[in-house]
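# Show me the folded form of this:
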Amino acid sequence: MVKSNMEQDILKVLMSEEQLHARVQEMGSELYDRFADKDPIFVGVLKGCFIFMADLVRAAQLKSEIEFIGVSSYNNGTKSSGVVEITRDLQKDITGRHIIVVEDILDSGNTLYFLKNYLAAKGAASITIVTLLDKPARREKPIVADLSGFEVPDEFVVGYGLDYAQQYRNYPCIGVLKPEVYSK
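Numbering: from 1, shown residues only. Predicted coordinates:
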């Protein structure tokens, strides 16, 4: 049994490691079918994407490149401020390239709405949004994922890259954080 001091803060598990692995494999296969002849660039939205993106890129088995972009709209809170700022920009030119944006969760939509417009302005040939989790109850912007792993209820989730105040990213499942943890 793996030791963890995070379990005590988890109200309930929504997706197990096995469920995550199976769904990411399915998503990788679907991306392979869509992009086998396109040599896409996977653009990961830091920091939450890193575990999901590593597994997804391996599952897709595409000849591709990897880039990262850092954006922030939460400032260690549980709700988006609505103001998106770039904290780390792309390091390469994406003009004419097929972009697969990899994000941990589509929540308010503020970040992905901003990013889709930003990448289009940088000349991307196409932009495909892939998100592990979709939380439509919180949507503020008119945006949907092209490929989504799971729909989640309007609860504060952590694990598999998702955090609260930079913690819980390494929790191997998707779990609902106990409210007393983030209401202190």
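
# What about Lys3, how many residues nearby?
5 (other C-beta atoms under 10 Å). C-betas here are computed from N, CA, C, even on glycine.

# How about Ser4?
With other C-beta under 10 Å as criterion, Ser4 counts 12.

# show me where the protein has helices.
Taking DSSP state H, the helices of the chain run over residues 17-35, 50-60, 110-121, 179-182.

# Ok, which of those helices comes nearest Thr128?
When the helices of the chain are compared by C-beta to C-beta, helix 17-35 sits nearest Thr128, at 7.3 Å.

# Mind giving me the packing neighbours of that closest one?
On a contact count with 3 or more C-beta pairs under 8 Å, 6 or more residues apart in numbering; DSSP states H and E, helix 17-35 meets helix 50-60, strand 98-106, strand 126-134, strand 147-151.

# Quick check: which of those is buried the most?
Burial of the helices and strands packed on helix 17-35 is given as mean neighbour count (mean count of other C-beta atoms under 10 Å); strand 98-106 ranks first at a mean of 25.

# average model confidence for it?
Mean pLDDT, strand 98-106: 97.

# Who does that strand pair with, and is each partner parallel or antiparallel?
strand 41-46 (parallel), strand 126-134 (parallel) (DSSP bridges).

# could you dump the helices of the chain to TSV with mean pLDDT?
As requested, the helices of the chain are exported to TSV (pLDDT from 0 to 100):
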stretch	mean pLDDT
helix 17-35	98
helix 50-60	98
helix 110-121	96
helix 179-182	92
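
# Out of those helices, indicate the one that is most buried.
helix 50-60 (a mean of 20).
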